[in-house]
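Q: Predicted model, plus sequence, below.
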Amino acid sequence: MVLAAILQAVLTDADAEGRIDWSMVSVDSTTCRAHQHAAGAPRRPPRVPKRRSIPRQHRPDEGLGRSRGGLTSKIHLAGEGGRRPLALLITPGQWGDGPQLIPVLERIRVKRAEGGRPRTRPDHLAGDKAYSSRRNRCYLRRRRIKHTIPERRDQRAHRRRRGSRGGRPASFDKERYRRRNEVERTINRLKHSRAVATRYDKRAYVFTGTVTVASIRLWLRQ
């Protein structure tokens, strides 16, 4: 996608100038209501072959999910300390945050202006309880990414019931965790764009482009 390439070029220039704060990258998500024009499906779904169980307008790859409030999309975001996005992912609104941690981090690839391997690892990662899982923690340890993610109450109780077999408690730095609000402020700045706060685009790739343009604007403003 051309817009994704432009964002990568902007990130490369920002990294060369030292404007990316790699000391803390935080992950979070936000839900966006889909306008009725984004849904775009008639009351009766069109006839489709029997092998297709999902109407074309509501394919999983379109990033539309149905909840109590209607059709929604979710933006999963990794933001750096300067309150600007490094990577994003669009999913249906009912998808959980935890399983999307790895796909979002895999999208962080900032090319270096002088050449060589792109930078993909932050110095530290912060996330809320939704990202607390054994799978995510093992992934972060395997990539040698220090992280501050609070342990959920049920996970803590399960670990204690197992005794010594439950392993050591996850480390938690309260001072670093206070910086997690940076990604929330990043999302707030993105949603200043009306087209991001409410999804008017029917196709997921178009809405991804809309969010990408809003991200580029944040980088170019500073």
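A: In hand now; what should we look at? Numbers count the residues shown, from 1 in each chain.

Q: Distance from the chain centre to the helix ranked longest in the chain, please.
A: Ranked by residue count and defined by DSSP state H, the top helix of the chain is helix 204-221. Offset of helix 204-221 from its chain centre (C-alpha atoms, centre = their mean, to the nearest Å): 14 Å.

Q: burial count for Arg142?
A: 8 (other C-beta atoms under 10 Å). (C-beta placed from N, C-alpha, C; glycine too.)

Q: quick one: it from Ala4, how far?
A: Note on Arg142: its distance to Ala4, by C-beta to C-beta, to the nearest Å, is 26 Å.

Q: List the contacts of Met1.
A: By C-beta atoms under 8 Å, 6 or more residues apart in numbering, Met1 lies in contact with 205, 208-209, 212.

Q: Likewise for Gly82?
A: Applying C-beta under 8 Å, 6+ apart to Gly82 gives the contacts 19-21, 182, 222.

Q: Can you tell me how far it is from Tyr131?
A: Gly82 is 21 Å from Tyr131, by C-beta to C-beta.

Q: just Gly166 next, same as before
A: Counting by C-beta to C-beta - Gly166 and Tyr131 are separated by 20 Å.

Q: Also Lys191?
A: 21 Å.

Q: neighbour count winner among the two?
A: Tyr131 (26 against 17).

Q: so what pLDDT did that one get?
A: Looking at Tyr131, its pLDDT is 95.

Q: correct me, but it touches Asp97?
A: Yes - with contact defined as C-beta atoms under 8 Å, Tyr131 counts as touching Asp97 (6.2 Å).

Q: shared neighbours, these two?
A: Val27.

Q: and Ala34, what are its bridge partners?
A: Arg199 (DSSP bridges).

Q: Then Gly70?
A: The residues that Gly70 bridges to, once DSSP bridges is applied, are Ser67.
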